[in-house]
Each structure stands twice: as C-alpha cells, then as structure tokens.
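>>> please find the sequence and the predicted model below.
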Amino acid sequence: MILAASTASRQSRSSSLARIFLSRPIRVIGLAIIALYLFMAIFGPVIFPPSTALVANPAKVYQGPSWADPLGTDFQGVSVLAEIVLGARGVLMVGVGAAFFIVVVGVAVGLIAGFTGGIVDAILMRITDVFIAIPQFPLLLLVATILNASSPGLIILMLGLTTWGGLARAIRSQVLSLRERDFVEAARGLGLGTGTIALRVILPNMLSYVAMNFLVSITGAIYAEVGLLFLGVTPFTPDNWGVMLHEADSVAGALYTRKSVFYVISPLMAILLLQAGIIFILGGLDEVFNPRLRKTGATQ
Amino acid sequence: MNEIALSVRNLTIEFPSESGRIRAVDQVNLNLERGKIMGLIGESGCGKSTVAFALLNSVPSPGIIVEGTIEYTGYGNLLKMTPEEQRLFRWQHVSVVFQASQNTLNPLKRIEDQIRELAQAHRIRDVRVLLERARSLCESLRLDTRRVLNSYPHQLSGGMKQRVGIMLALLLQPEIVLFDEPTTALDSLSQESVLQIIREIHQKDGLTGIFITHDLGIVSEIADTVAVMYAGRIVEISPTARVFSGPLHPYSQALLDALPRLTGDPRAARGLPGSPPKVVGNVSACLFRDRCPRRMPVCDLAAPELKRVDESSMAACFLYSESEEANVHVKMH
Amino acid sequence: MRVVRRFGVSLLMIWMVMTITFFMIRLMPGNPIMDAYLSLLQQGVPSQEAMAQIHVLYDVYPNQSVLTQYVLYVWHLLHGNFGTSIVYAGRPVLPLILASAPWTLMLVSIGITISFFIGLFLGVLIALNRNTWFDNVMSQIASIFHGIPNYVTGFIFLYFFTVMLPWFPFGNIYGNTVTPGLNFPFIASVAYHSVLPIAAYVFGAFGTWTLSTKSAAVAVLGDDFIQADKIRGLTPGQQLDHLIHNSVLPLFTGFVLSLGMMFGGAVFIEETFTIPGLGYLIAQSTSQRDYPVMQGCFLLLSSAVILANFLADMLYSRIDPRIRV
Ligand SMILES: Nc1ncnc2c1ncn2[C@@H]1O[C@H](COP(=O)(O)OP(=O)(O)OP(=O)(O)O)[C@@H](O)[C@H]1O
Ligand SMILES: [Mg+2]
C-alpha cells in the first residue's frame, strides 16, 4: 500500500514537473543557465578544438571583445571565451562528482547511524563531529598539498572526504524524526525489514532535502576546486577557470592593466552565473517534492 | 435598556487561501451593553476568536477585515483611528485573555519586566502603582506573587501562564475585556477561582466583556446574553436563560442537545452529524440547512439574516420570518 | 560539572585533530618527510647528513619509528614548539604565526561584525516583508552571495577599485612611506588599505547572515507572543526589539564560531590583496609546501574553532534564559 502510494505520487510528480519549472520566469532562466553549462561541458571541445583554440598568439595579447573573440583575449592572445567554454567540462565534472560523493557518503552514514542506533551510531557521530569541527577549507588545503593530486578522481575524493559531515548529521536527525511517524510504523507493521524501510520508505521522504543538498554541494565543490587552483595548490591544468584566476593574480600582470578586464572578470562571472542558475531552480525543486508549497494545489 | 459600550456592524473578515478567500466572519452585527457579559459560543472554527481579534483590529495575518465598523461608545470607530491611537486604545480600553495564553509571553523577559514594558508603552509614569496592582491581581488569582513576577515564562506551568495572561488583561483596568476560552487550560479548582474573579470584577467594577467558551455550563453561570455563531455568522442572540430553556435557532438547540445532562441517561446526548461548510464568496442559502432538522424549501433560496424576533432576542432563521419566506416565493414567480 | 565535561570533550577533539594531522602527513602516499629525505639521498648527500638536515627541518629523524615520532611531536607541541619554517629559513613557526595574527584578527573581526549587522538588518527586513517583491529579490540575492567564495568578491573589488578606478592602494596593509607605530599617518594608511579587503569580506559573508536571520525571524514572527505584543499596544519599537532579540539567539552560535574561524584568516582575500596575515601565511606555506607552518596554522585554527564551539555552548546559556540551569 505504502509503496504503491509512493510510486503513484512519483508519477504525478513527473507529469507536473514541467509545469512547476515553467511557472516562474526565474526558474526558466535557471534551467536555461544550467542547460548552457551542460552544453559547454559536452560540446565545448567540438566548438573550440583545444589543439587550435588554445594556441598562443603574441600578436593578440589583451585585446577587447571582437566578433572572433567575444570576450577578448588573454595575456597569451588566447580567446577568453574558448578558455571559459573549455574549462566548463573539468569544473563541472569535479563539482558533480564531489557532490555525488558527498551525498552518497552523507546519506549512507546518516541512514546507518539513524537506523542502527547504539554503539554504531555513537561511533559514526563522533567521527562526523570531528569532521564538522575541523574547518573545511584549511583541511582541504592540507590534504591537497600532501596528495599533490591532479587527477579529477583524487580531487573529487578529497573534496568529498572533507565535506560529507554536515549532511550526515542532518540526515541522521531526519531519520530519527521520520522513524516515529505513522507511515513508518505502518510499514513496520507490514513486516518490512529495516533495510527496506530505510531505502523504500524513509529515503523517498528525504529526496527533496537530498536533491537540494546535491545541487548546493555542486557549487560548494566548484568553489573549492577553483580556489585550490587559484592558490596554486593543485597542479596546473591548462583549461580551468581557477588557473585563469591564478595566472591573472600572479603570472600575467593582469592586475596592472585595464585592458585585461574581460580576462579577469570572465572566470568570476562563469562561477557566479552557475551559482545563480542553481539558486534559481532550487525553489522549483522544493515545490516538486513538497506539494504543499504549490500555488495551484487544485490540480493535485 | 442599558447603554451600549460597543457596537459592531456588518463585520466581514476573509482569509485569502489557495481555494479562494475564505470568509471566516460574515456580516456580524452585535451590541455589547455596558456592564454586561455576552457569551459567544459555537463549534470550533466558526470564527469566534477571529471576531475577538477583529474587535482590536488585529486579525492574524493573512486575514483582512473587508467590511464593517467597530464603534466604541465615546471613542468612535476603531478602524478609523490612526495607528498610534489604535495602539494606545488597545489594552487601555479593551484587552484580551488569549485562547493560548501560554505562548503569548516573550520568552526572554521576566514577567515583571514585561509589566514595565507595558507601562512604558502606555505612558504610565508610576510603575510602582502598576506593579502593586499586578501583585494584588496575582494574589486574587491564587498565584505566588513574588515568584511569578520574578520568573521567566518557561519557569511557569501552563495554568500559571494562563492566569498571568488574565492578570495582564486586567492590569490597565480596561472597560471591556474579551475572554477567549480563558479557563480551558486550567484544573477545575483554578477554573472556579478564575471565574470567581471575573464575576467579582464584573459585579464590583461593572466589567463589560465577551466570554468565548465551549463550556455551556460556564456560559450559563457568567453570561447575561449569549450569541451563537455558525460558520462565520451569528445565528442567534438571546438572554442566557432563554438559550438554555428554549433557544430560537435550530443550531442553538442542537448545541444544547449535544450537551450531556447530569440528570438522566448520558446516552441521551445527541451529537450533530456533519460539519460546518467553509464559506467562499457570497452566500445564497442557509448554511445550516444540510444539518437542520427543520429544513424548509426556502432555506435553499436565500441566506436568512439576523432579525429581531421579540424585544429580547434575535435569530437568523426563516422559522421566524414568514413574510420573508413569502417574499422569496413572490420573487420566484 | 557540565562545563568540565564539555571542556574535556573539546580537548579530546583537539587531540584527535593533532593526531589526524600527524598521521596524515606521515602516512599518506606523498609523505613529504620521506620524500625530502630520499631526494637528499638522490642528490648525493650522505645519509647521516641528510638525516641531520631532515631533523633540523622537521624535528624528526626519518629512521625513527612512527610512534616515537608521534610522541616527540606531541611533546614538542605541549612545549609550544611547532617546529621551524622551511621557507622562512629556520624561523620557528609559532612566532611567525603570532606576527601574522594581528592583521588578520583586525580585518576579519571588523568584516564579521559589519556583515553580521548588515545580515541582521536585511534578514529582519525581509522577514517583515515576507512574500513581497522585496523578499523575492533580496532572498535570491542573499542566496547567490551566500557561500560565494571570497576570491570572487576579492578579485572584483581589487580589479575595479585599484585597476579600473585607481581609488585605493594595491597590496600590503600600509603604505611604504609610513613608519609602523602609534602615529596618525600609519593608522590612516592601514585604514585606507583595509577598506577594500573588508568590503570584499563583507560581500562574501553578508548573504549567509541574511539568510539565517531571515529564517529565524520568520519563525519568531509566527510565534503567538509577537501577535500578542501588538494587541497589548506595545510600541512598534518594543515589538521590533522583541523580534530582533528572539531572532538573534539562534545566530549566536554561528557568530561565535565564525570568530573562531577568524584564525584561518581570509585566505583568498589576504592572498589577493597581499596582506601579511594568517591567511597569506597559509596560502604561501601551502603553495611552497612549508609543512611545519601549514601544520601549525592548521592546528591553531582547528583548536580555535573547537574552543569557540565550547565557548558558544557555555555562553549561550547566559543569553537565553530557557537554557539556564
Ligand atoms: N491564520 C489563518 N489562516 C487561514 N485561515 C484562518 C486563520 N485563522 C483562522 N482562519 C479561518 O477562520 C476560521 C475561524 O477561526 P477561529 O480561530 O476564529 O475559530 P474559533 O471559533 O475561535 O475556533 P476554536 O473554538 O477552535 O477556537 C477558521 O475556520 C479558519 O478557516
Ligand atoms: Mg478560538
């Protein structure tokens, strides 16, 4: 019964998904922004083949916008737009990967701690507490320096390992409160096992929270990743927004000339715009999972 | 007839919601005589508290008073006063004992400091006199005076907070006090003493008030007249004795029938099946008709208005307006 | 009793952080000490001498067992010996940190205070105008600025107000014509140099305070006593006072924690504006792999945060009568 009800509501969810996201201009803008980034990440190298687009051209150093280079050129004469577009894939991959890691670990630890209780719970929560107490970014700096990691996989691992604590604790406390609710009691009454209840009954009820955390974690991970590159902690990868900032700050003399404005501002705007896109659709996501928030509740 | 202290005309209050603007209070008219207590009864959700809040022009958001006047004799229409005039009018001239008094105290301040704030807000210079009055009120409310004034709200029990709420309501000696289920949170002993105090102040100082409650026993003890509300409308106003001996409106009768009698078979108490409708927009039929044992054809055609039935009572029911019924019939042809 | 227990837990956590950092540096794949030792050997340095050099740098002998190293490490820490810097040739870590701290503490504490009050103001204003266009616009703006990394605001302020519009000085925390000390030109110069970094910090932080204030104030506005205040005829000022007082309480812990975080400096801002504070020290030591300094900064910061947590816990019961025991 309970499982049936939850699948039924999931179906009605997807049918009204489009309506919810298209109902407000701001969400449409958010979706458009995210689509743009996905497009850059997927088709970037097709539009700007790195072998030709990233070649230095001393004749074109720090030029203003033109038809050929809509965002001007950098200190080597490379098109800034090409650098931004080509940077999207790496940045997004690490951001999404790290967010995925955070959500999986956070939810797993939270669910296990909340459901088993007792000594397992106590141990898991002590560990979580330490991870929460240690300031995240400095820890990340330390780990990144030691590992000297350049592979995306390791960076994802690093970002994930330093950040999962907050979500784990939040999930645990949600589990504790959901456990007492009627429908969970009912599921238990039906003789469903603890694992089944955790995954099929409790988890769906936290989906909205988890999904929103996933999105917010993406931006958090991107900030951190770009920040590490900016500080020059993680090794140089040619096409990344953070590297652009690092070079602007320390190599290219960009901070001494007004001509570099597009070069300096573009990577920052790329980060801000993605953040804005994600923020804009968060409200819609909230509505998808919490029908109470919907303005036009009558159609339900 | 006595002097009128408060007169409400055409009071209508709506709460915007997803399914339209819910009309919580619809065209309410009532007169409150000076020195008298009016009981206000009716099912949960019929709009009693909303009326009380409206009398101070403080309907909880998102509610709005869409129509009506609230005329305090000697002061004029509350709704026409400036915000500052309204602020000073509240509590000095009319106060409330809240339905959920437990939660109406600022958790971060001692009771005594809350009294000082009240003095400051109402420009009372001599705080000592006010505190003295608070002490004597506490005493008559059977509160441990010193302890209570020095306590933070969380250090008091629910019943104590409720009585602090009553103390605060009486503190500035307002002419009118609105009691919204003031005794619901109390044990029967405290309940009795609270009623005793209200009765005393009523008799000694000529307190005027509205007493909202679900306890018809208390109404019969304390009220001079009784107003019966149903789905946001007043359906009957009668002297208390009449309501208990032979009410006019079928709904009033139903409320009485639902009361378990001390004498006789408890199973004789009859509940009223169904529930009151949520009203959106204008009403074009009697709202009680689906639950009414004395439904007539005319009840589907128009909403009965509150009309004087005789010199002491009013009712909103076609049973008492033959001519109106005739009118409707004429219109139909 | 509770105080003692909580303090004990805090010390335990500091010890855990200490231990984790130690083993992280020593046991991770890129063990820097072993690396340094091996590279010295490769350069043809005799092993005895390499070992001595490593000892000078890291305060350990590579051939000691990890456990011995650990005990020595804790022993030295307890005596305030955080080791010696590699980059700042042989200077002890602790004085290095102490010399950087004042600038950071000044900048960040001002930044935290300003952003906190801006956030408080905006958050209450948004809550009072819930579901209006003001709420919609300001909440989105605050969400975008919430968690925005400081390098974004730092870069934008730096570039626009020193390069595009050369209104403010660039680099360091005072001009090179003034002499440090309690004299007016020096203080004026510091103030002038601080404007942009503080502004950058405030823009990076006010969104978070705005959002937390808003959610706290919205909750308080739903409480019965706020409605009752109005009905009791309290003045708008008194009502606002109650609202703010009750909304600030949930922010208190975060505020004290951020004061603890202060010891991490504003890494990005100090790096962008080249301010010789803790953040700059951290950034420099990380990019040059100056482990002793990194480790010292990290330990100091973690301890500050853990102790701030403890402090917040203890102080909270003083500002909220409901918690008082
Ligand atoms: N904050 C609100 N938002 C929306 N609707 C409300 C709100 N407060 C009251 N209402 C509407 O007003 C109606 C009357 O509520 P009110 O609190 O006046 O009832 P009541 O007669 O005092 O009930 P009770 O005996 O339970 O106290 C309710 O049925 C509800 O539809
Ligand atoms: Mg009520």
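On my side now, so go ahead. Ligands and ions are numbered 1, 2, ... in the order given.
>>> what's the domain layout of chain C?
C:2-78, C:93-324 (automatic domain parsing).
>>> and these, which is most packed in?
When you average the neighbours per residue for each of those (mean count of other CB atoms under 10 Å in any protein chain shown), domain C:93-324 leads with a mean of 19. All C-beta atoms are positioned from the backbone trio N, CA, C, and that covers glycine.
>>> how about that domain and chain B, touching?
Yes: contact check for domain C:93-324 against chain B, using CB under 8 Å from any CB of the partner chain: residues in range are C:223-225, C:227-235, C:238, C:242, C:245-246, C:249, C:320-322.
>>> and that domain, anywhere near chain A?
Yes: using CB under 8 Å from any CB, we find that domain C:93-324 touches chain A at C:140, C:143-144, C:147-149, C:151-152, C:155-156, C:158-159, C:162-164, C:170, C:261, C:264, C:267-268, C:271-272, C:282-283, C:286-287, C:289, C:291, C:294-295, C:297-298, C:301-302, C:305-306, C:309.
>>> would you map the helices across chain A?
Counting by DSSP state H, residue ranges of the helices within chain A are A:2-22, A:25-47, A:50-53, A:80-116, A:118-133, A:136-147, A:152-163, A:165-179, A:182-189, A:194-196, A:203-231, A:241-250, A:261-289.
>>> tell me the buried residues in the second one?
If I follow you right, that is helix A:25-47. Buried positions in helix A:25-47, judged by neighbour count with 16 or more other CB atoms under 10 Å in any protein chain shown: A:I26, A:R27, A:G30, A:L31, A:I33, A:I34, A:Y37, A:M40, A:A41, A:G44, A:P45.
>>> the fourth one now?
Judged by neighbour count using 16+ other CB under 10 Å, the buried positions of helix A:80-116 are A:80-103, A:105-107, A:109-115.
>>> longest helix in chain C, please.
helix C:184-221.
>>> and that one, what does it pack against?
Judged by 3 or more CB pairs under 8 Å, 6 or more residues apart in numbering or on different chains; DSSP states H and E, helix C:184-221 is in contact with helix C:93-128, helix C:133-145, helix C:150-158, helix C:236-261, helix C:267-272.
>>> between these, which one is closest to ligand 2.
Nearest to ligand 2, of all the helices and strands packed on helix C:184-221, is helix C:236-261, at 22.8 Å by CB to the ion.
>>> which secondary structure elements does the closest one contact?
The helices and strands touching helix C:236-261, judged by 3+ CB pairs under 8 Å, 6+ apart, are helix B:111-121, helix C:93-128, helix C:184-221, helix C:224-231, helix C:291-319.
>>> got TSV for the ones you listed, with mean pLDDT and distance to B:D257 too?
Conversion of the helices and strands packed on helix C:236-261 to TSV gives the following (pLDDT from 0 to 100; distance: least, CB to CB, whole Å):
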stretch	mean pLDDT	distance to B:D257
helix B:111-121	94	43
helix C:93-128	92	47
helix C:184-221	88	42
helix C:224-231	92	34
helix C:291-319	87	55
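>>> closest one to ligand 2 among these?
Across the helices and strands packed on helix C:236-261 (criterion: CB to the ion), the nearest stretch is helix C:224-231, sitting at 12.3 Å.
>>> quick one, that closest one and helix B:111-121 angle?
Here helix C:224-231 runs at 30 degrees with respect to helix B:111-121, directions being taken by axes from the mean of the first three to the mean of the last three CA atoms, to 10 degrees.
>>> and helix C:224-231, what does it pack onto?
The elements that helix C:224-231 packs onto, with contact taken as 3+ CB pairs under 8 Å, 6+ apart, are helix B:83-92, helix C:236-261.
>>> redo the ones you listed as JSON lines? Include distance to ligand 1.
Below are the helices and strands packed on helix C:224-231 laid out as JSON lines (distance: least, CB to the nearest ligand atom, whole Å):
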{"stretch": "helix B:83-92", "distance to ligand 1": "18"}
{"stretch": "helix C:236-261", "distance to ligand 1": "19"}
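>>> what's the least confident stretch among those?
Out of the helices and strands packed on helix C:224-231, the stretch the model trusts least by mean pLDDT is helix C:236-261, with a mean of 91.
>>> next, the angle from that one to helix A:118-133.
Taking the same axes, to 10 degrees, one finds helix C:236-261 and helix A:118-133 inclined to each other by 90 degrees.
>>> fine by me, we can end here.
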